[in-house]
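*Asks:* Whatever this is, show me its structure:
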Amino acid sequence: MQISIYNIQDKPIGGGGMGEVYRGWDVDGNAVAIKKMRVELTTDASVRSMFHKEVNTLTQFDHPSIVNMYGSFEERGNLYLVMEYVEGETIEQYVRRHSKISESEAVRLFVEILSAVDYVHQLGFVHRDIKPSNIIIKPDGRICLIDFGIVKDMKNSTGHTVTQIIGTDGYMSPEQAMPANIDHRSDIYSLGCVLYYMLVGNHAIQKQSNDHATKMTIIKSAFPKAQYFNPNLSNHIQKILDKATNKNMRLRFQSCREFEMEMTGGGTVPNSDPDTNDTVSVGRENCDINIPHPKVSRHHLDIVLFDENGKRDYLLTDRSMNGTVINGAKVHNNQTGTFLFTKYSTIPEILLAGEVELKWADVEAAFARKRGATKPPATNTPPTFKPTPTPKTEEGQSATGWLVVIYIFAALGGLLGLAFGISIYRAKLDLSEGGKAHKYKQSHRTAALIGAILGGVSMIVWKTLMNI
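*Replies:* This next block holds a predicted model:
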């Protein structure tokens, strides 16, 4: 059968939710793999445009363990993707023949898989469909990652994809199944599922009677223990599986490099990657800072602390679909890198979903809790966002004497009590690093405001009595 310049076999050699894959040959006799997209995915002009844009990006991949993509073309209303034909069998096919893979061999193969996926993540993409049938073991024993049909570009994503498919049953992460906003840690979960399959010989999450039931299993059911089905597995590999497949993305491996180092016993992640103890998550449900508000996403914002050589910076990454406003500027859809806060001299104004205030004191307290301290670690310079202390204490000065005067005047005539009360409540000091702070402690400011109100009431009472 002839399609464009390619002669292809009549029967597909594989397929999935995106379409069918055929083996073909170009005019020079070189073997290629050609994926014919499902017709219902190609009828929308915006979908077609998005598909071509993503294909053009993916052709830039250059990694020995990632399939080469040559391009795409259209013919008679159909959309085709042309890529390298990879000899070998998928991990799914291999496991079906051999039942399971030994722990040592699985580790060897998996290190290559992690290297390939890490390359994808470093370029700013999330694969979103990592599964045994999308990883090929070549005849020479090396692996090849294939099928980037629903890849997500984290740099330019609008949250939409070329299809509504968000993953494969049993291998999609809990956040995909919800669905919720995702990042590279969704691939970490899928990788854990693949490792489980390699070591056990069965899918960790079995397909249920319908899609909803399968998704509920992913979201709510405990991930099965691999050692229960393969008692020969080491405790070390079981701990790795437990961490990779944690339903809370903040408790998984935070990168493929961290995953690999744990697999190979290579130690901890280099300092160039923020340690999980230096990241605070903001939102609702299992976040470090829980803000119970309907417009705040479950995982709305990540704040990373860089505290090296006495220099303290904070980097924010928005994880929401409705954005975060920082000092009047909006970030959204996983935008990051813009707000390294050394340039700010005062505490930033942060509005989640554009209107819900995030108090920076809560952020510092969350970092302190994660580090097991009552205060953030000391540095050679004050934290970027913390105002310089007022002359007496960070809580403000005492206003006891003024409070006595306010209440005396409030009782005697009212006007002066009202004036002094408002004055004490609103009094501020100029900070040495810019900005202002309230001069008096909060409890005394509240008492002054009450005194002012009493002064106003007293003034009305005295005026009424004078007119009788």
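*Asks:* distance between the ends of stretch 248-259?
*Replies:* 16 Å (C-alpha to C-alpha, to the nearest Å).
*Asks:* which other residues reach that stretch?
*Replies:* 114-115, 117-118, 121, 173, 175, 183-189, 191-192, 240, 243-246, 262, 268-270, 273-274, 276, 279, 281, 286-288, 299 (C-beta atoms under 8 Å, 6 or more residues apart in numbering). (Glycine included, C-beta is placed from N, CA and C.)
*Asks:* Ok, stretch 135-142 next?
*Replies:* 64-65, 86-91, 94, 109, 112-113, 143-146, 194.
*Asks:* Turn the buried ones among the contacts of stretch 248-259 into a named ChimeraX selection, would you?
*Replies:* Under the burial definition 16 or more other C-beta atoms under 10 Å, those of these that qualify are selected in ChimeraX by:
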select :114,115,117,118,121,173,175,183,184,185,186,187,188,189,191,192,240,243,244,245,246,262,269,274,279,281,287,288,299
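*Asks:* pLDDT on stretch 95-113, on average?
*Replies:* Averaging pLDDT along stretch 95-113 yields 92.
*Asks:* same check, this time on stretch 29-40
*Replies:* 80.
*Asks:* And for stretch 126-133?
*Replies:* On average, stretch 126-133 scores 88.
*Asks:* and that stretch, how far from the chain's centre?
*Replies:* Distance of stretch 126-133 from its chain centroid, counting by C-alpha atoms, centre = their mean, to the nearest Å, is 18 Å.
*Asks:* same question, stretch 318-331
*Replies:* Using C-alpha atoms, centre = their mean, the offset of stretch 318-331 from its chain centre is 14 Å.
*Asks:* In that stretch, which residues are buried?
*Replies:* Under the neighbour-count rule (16+ other C-beta under 10 Å), stretch 318-331 has 318, 319, 320, 322, 323, 324, 325, 326, 331 buried.
*Asks:* Kindly export it (C-alpha atoms) in PDB.
*Replies:* The C-alpha trace of stretch 318-331 is given here as PDB (Å, rounded to 0.1, in the frame of the first residue of the first chain):
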ATOM      1  CA  ASP A 318       2.800  28.700  39.400                       C
ATOM      2  CA  ARG A 319       1.100  25.300  39.100                       C
ATOM      3  CA  SER A 320      -2.500  26.500  38.700                       C
ATOM      4  CA  MET A 321      -4.700  27.200  35.700                       C
ATOM      5  CA  ASN A 322      -5.900  30.500  37.000                       C
ATOM      6  CA  GLY A 323      -2.600  32.100  37.800                       C
ATOM      7  CA  THR A 324      -0.900  34.000  40.600                       C
ATOM      8  CA  VAL A 325      -0.400  37.700  40.900                       C
ATOM      9  CA  ILE A 326       3.000  38.800  42.400                       C
ATOM     10  CA  ASN A 327       3.500  42.500  43.000                       C
ATOM     11  CA  GLY A 328       0.900  43.200  40.300                       C
ATOM     12  CA  ALA A 329       2.400  40.900  37.700                       C
ATOM     13  CA  LYS A 330       0.700  37.700  36.800                       C
ATOM     14  CA  VAL A 331       2.300  34.300  36.300                       C
END
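*Asks:* out of the buried residues of stretch 318-331, which are inside strands?
*Replies:* 318, 324, 325, 326, 331 (DSSP state E).
*Asks:* farthest-separated two in those?
*Replies:* Using C-beta to C-beta, these span at most 9.9 Å, a distance reached by 318 and 325.
*Asks:* Can you check which residues contact both of these two?
*Replies:* Common neighbours of residue 318 and residue 325 (C-beta under 8 Å, 6+ apart) do not exist.
*Asks:* ok, back up a step: dump the buried residues of stretch 318-331 to CSV, plus pLDDT and distance to residue 362.
*Replies:* Output for these, formatted as CSV (pLDDT from 0 to 100; distance: C-beta to C-beta, whole Å):
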residue, pLDDT, distance to residue 362
318, 77, 17
319, 74, 17
320, 77, 17
322, 73, 20
323, 79, 20
324, 85, 15
325, 83, 17
326, 79, 16
331, 72, 19
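*Asks:* so where is the stretch 301-450 of the chain shaky, pLDDT-wise?
*Replies:* 306-313, 321, 332-346, 373-399, 406, 413, 429-438 (pLDDT under 70).
*Asks:* Can you show me the strands along it?
*Replies:* If DSSP state E, counting those that start in this stretch is used as the criterion, the strands of the stretch 301-450 of the chain fall at 311-318, 324-326, 329-331, 336-340, 350-352, 356-358, 428-430, 436-438.
*Asks:* Can you show me the helices along the stretch 201-350 of the chain?
*Replies:* For the stretch 201-350 of the chain, the helices defined by DSSP state H, counting those that start in this stretch occupy 211-220, 226-229, 235-244, 256-264.
*Asks:* ok, and what's touching the shortest one?
*Replies:* It refers to helix 226-229. Contacts of helix 226-229 (C-beta under 8 Å, 6+ apart): 196, 199, 200, 201, 202, 233, 235, 237, 238, 241.
*Asks:* Next, give me the two most distant ones among those residues.
*Replies:* 202 and 235 (20.6 Å).
*Asks:* So for these two, which residue has more residues nearby?
*Replies:* residue 202 (14 against 8; other C-beta atoms under 10 Å).
*Asks:* The closest residue to the more buried one other than its chain neighbours - how many residues pack around it?
*Replies:* Spatial nearest neighbour of residue 202, excluding adjacent residues (C-beta to C-beta, 6 or more residues apart in numbering): residue 229 at 6.9 Å. Residue 229 has 15 neighbours, counted by other C-beta under 10 Å.
*Asks:* Equivalent analysis for residue 141, please.
*Replies:* Neighbours around residue 141, by other C-beta under 10 Å: 11.
*Asks:* So which elements touch the helix or strand where residue 94 lies?
*Replies:* For residue 94, the host element (DSSP states H and E) is helix 91-98. Here helix 91-98 touches strand 135-137, helix 185-200, going by 3 or more C-beta pairs under 8 Å, 6 or more residues apart in numbering; DSSP states H and E.
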